[in-house]
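Enquirer: Below are the sequence and a predicted model; questions follow.
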Amino acid sequence: MQIQQPTASELKILQVLWDHGPASVKLVHEHLAQEKDTGYTTTLKTMQIMMEKGMLSRDASQRKHIYHPEVSREQAQQQTLGKMVKNLFQGSTSKLVIGALDNKPLSKDELNEIKAYLEQFE
């Protein structure tokens, strides 16, 4: 499923739903409000827009509407990475990887995990 690129606000909502499972607007808003002061109606409107875009679905069978993500974390990551490779790294995956590795020091465990993953491609 191809989705529109989520905005930063939409990604924060998706993160809450991915981390905590299907939830009401109230629960999503409470999680978002821990990081940034935002209005309940802003959260509600953003989630309604996300439904229109096909990013969320809503179960309205009960009094409290429950929202479900219609895009997985992996789908969003792959789409975002694809656009980054194309737009920021001239289509070069190796430039993306090198840039990411140069961005911050790696722990020994992270380095071992990367090495093990790369061995699959040799």
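Expert: Good, I have the coordinates. Owing to the predicted nature of the structure, the values given are computational and were not obtained by experimental measurement.

Enquirer: use CA for all of it now, contacts and neighbours both
Expert: Fine.

Enquirer: Okay, and Gln77 sits in which element?
Expert: Gln77 is part of helix 73-88, with elements assigned from DSSP states H and E.

Enquirer: next one: that helix to chain centre, how far?
Expert: Counting by Cα atoms, centre = their mean, to the nearest Å, helix 73-88 is centred 10 Å from the centre of its parent chain.

Enquirer: Against which helices or strands is whichever strand or helix holds Leu11 packed?
Expert: Here Leu11, judged by DSSP H and E, is contained in helix 8-20. Other helices and strands packing on helix 8-20, by 3 or more Cα pairs under 8 Å, 6 or more residues apart in numbering; DSSP states H and E, are helix 25-33, helix 40-53, strand 66-69.

Enquirer: Run through the neighbouring helices and strands of the shortest one.
Expert: Translated: strand 66-69. Checking 3+ Cα pairs under 8 Å, 6+ apart, strand 66-69 ends up next to helix 8-20, strand 56-59.

Enquirer: swap in the second one?
Expert: Applying 3+ Cα pairs under 8 Å, 6+ apart, we find helix 40-53 packed against helix 8-20, helix 25-33, strand 56-59.

Enquirer: Tell me what angle the helix holding Leu11 forms with helix 40-53.
Expert: Here the directions of helix 8-20 and helix 40-53 differ by 90 degrees (axes from the mean of the first three to the mean of the last three Cα atoms, to 10 degrees).
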